[in-house]
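Enquirer: Build me a structure from this.
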Amino acid sequence: MLQTALKLYESQGSPNSRRVRIFLAEKGINVELIPVDIATKAQFSAEYAAINPRNVVPTLILEDGTAIGEVPAIWRYLEEMYPEKPLLGTDAKHRAMVTMWERWAEQEGFAAAMEAARNWAPGLAGRALPGPHAYEQIPALVGRGEARLGHFYTDLNSRLETVAFVAGDRFSVADITAVVAIDFAVAALELDLPEDLPALRTWYATVSVRRSLSA
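Expert: Predicted coordinates:
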């Protein structure tokens with residue numbers, strides 16, 4: 001495990017934080033984890049706002065104090081600083097494929113799960129969107145988010161009928177985003193993987209046993 005002086009403000013209850021923890025575990029990078037209790041809305045404290053004005057987790061703090069928010073930006077920094085075991089692609093073509101499929105997984109799966117959960121969860125009343133501004137929940141978006149997830153499952157199954165992993169022949173951040181989206185949908189929305197999607201279920205079983213998934 002590679003030791004660093006980096007600090008990651010994160011939450012065990014945050015799917016975005018989990019995406020970064022899995023990335024770190026896959027690459028064998030050890031950073032100091034600083035918990036932010038989002039259940040008590042600690043992300044809105046003045047102390048945390050000074051670190052991340054968007055009031056969201058995770059945030060990576062560099063040795064010089066620079067704060068990096070947003071999962072793709074954190075991934076990019078870590079990949080360039082620690083290029084061993086690449087997760088963002090190995091050459092120009094592969095990097096483009098990983099970027100394309102990770103963005104698809106985030107838009108069609110991860111965002112759909114967030115849309116459904118944030119517009120349903122009682123604890124998020126008035127906080128239907130992440131960030132410093134208050135937005136009321138829209139109940140109709142729960143059903144739309146769940147419908148989008150259903151399409152995500154079937155479309156991902158079709159993709160995985162032709163490749164071993166989401167972006168091709170090796171594990172990447174596209175798989176991280178997809179599996180975190182599914183785990184969240186199963187846990188928060190009880191949208192289990194359908195039995196009639198064998199390629200998706202096989203991939204999920206393969207990916208879920210990776211040691212990094214418990215990070």
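Enquirer: tell me which residues of the lengthiest strand in the chain are tucked away?
Expert: If each strand of the chain is counted by residues according to DSSP state E, the longest one is strand 2-10. Residues 4, 6-10 are the ones in strand 2-10 that count as buried (16 or more other C-beta atoms under 10 Å). In this view, the C-beta of every residue, glycine as well, is placed from N, C-alpha and C.
Enquirer: Helix or strand: which one has residue 146?
Expert: According to DSSP states H and E, residue 146 maps onto helix 140-160.
Enquirer: So which elements touch that helix?
Expert: Helices and strands touching helix 140-160, by 3 or more C-beta pairs under 8 Å, 6 or more residues apart in numbering; DSSP states H and E, are helix 92-105, helix 111-118, helix 173-189, helix 198-208.
Enquirer: mind checking how far the last one is from the chain centre?
Expert: Spelled out, that is helix 198-208. 18 Å (C-alpha atoms, centre = their mean, to the nearest Å).
Enquirer: tell me the angle that helix makes with helix 173-189.
Expert: 100 degrees (axes from the mean of the first three to the mean of the last three C-alpha atoms, to 10 degrees).
Enquirer: Which elements pack onto helix 198-208?
Expert: By 3+ C-beta pairs under 8 Å, 6+ apart, helix 198-208 packs against helix 140-160, helix 173-189.
Enquirer: Helix 92-105 and the last one, what's the angle between them?
Expert: Helix 173-189 and helix 92-105 meet at an angle of 10 degrees, taking the same axes, to 10 degrees as the criterion.
Enquirer: quick one: contacts of helix 173-189?
Expert: Applying C-beta atoms under 8 Å, 6 or more residues apart in numbering, the set of residues contacting helix 173-189 from outside is 15, 18-19, 22-23, 26, 75, 87-88, 98, 101-102, 104-106, 109-110, 112-114, 116-117, 120-121, 146, 149, 152-153, 156, 165-167, 191-193, 204, 207-208, 213.
Enquirer: and with 7 Å instead?
Expert: Outside helix 173-189, the residues that touch it by C-beta atoms under 7 Å, 6 or more residues apart in numbering are 15, 18-19, 22-23, 75, 87-88, 98, 101-102, 105-106, 109-110, 113, 116-117, 146, 149, 156, 165-167, 191-193, 204, 207-208, 213.
Enquirer: Pull out the buried positions in that helix.
Expert: For helix 173-189, by 16+ other C-beta under 10 Å, it's 173-185, 188-189.
Enquirer: cool, and stretch 105-122?
Expert: For stretch 105-122, by 16+ other C-beta under 10 Å, it's 105-106, 108-120.
Enquirer: Dump it to CSV, restricted to CA.
Expert: C-alpha atoms of stretch 105-122 as CSV (Å, rounded to 0.1, in the frame of the first residue of the first chain):
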residue,chain,number,x,y,z
ALA,A,105,-22.8,4.9,-16.6
GLU,A,106,-22.9,8.2,-14.6
GLN,A,107,-25.6,9.8,-16.6
GLU,A,108,-27.9,6.8,-17.2
GLY,A,109,-27.3,4.8,-14.0
PHE,A,110,-25.8,6.8,-11.2
ALA,A,111,-27.7,10.0,-11.9
ALA,A,112,-30.9,8.1,-12.3
ALA,A,113,-30.5,6.5,-8.9
MET,A,114,-29.7,9.8,-7.3
GLU,A,115,-32.8,11.4,-9.0
ALA,A,116,-35.1,8.7,-7.6
ALA,A,117,-33.6,8.6,-4.1
ARG,A,118,-33.2,12.4,-3.6
ASN,A,119,-36.8,13.1,-4.6
TRP,A,120,-38.1,10.3,-2.3
ALA,A,121,-36.1,10.2,0.9
PRO,A,122,-37.9,12.1,3.7
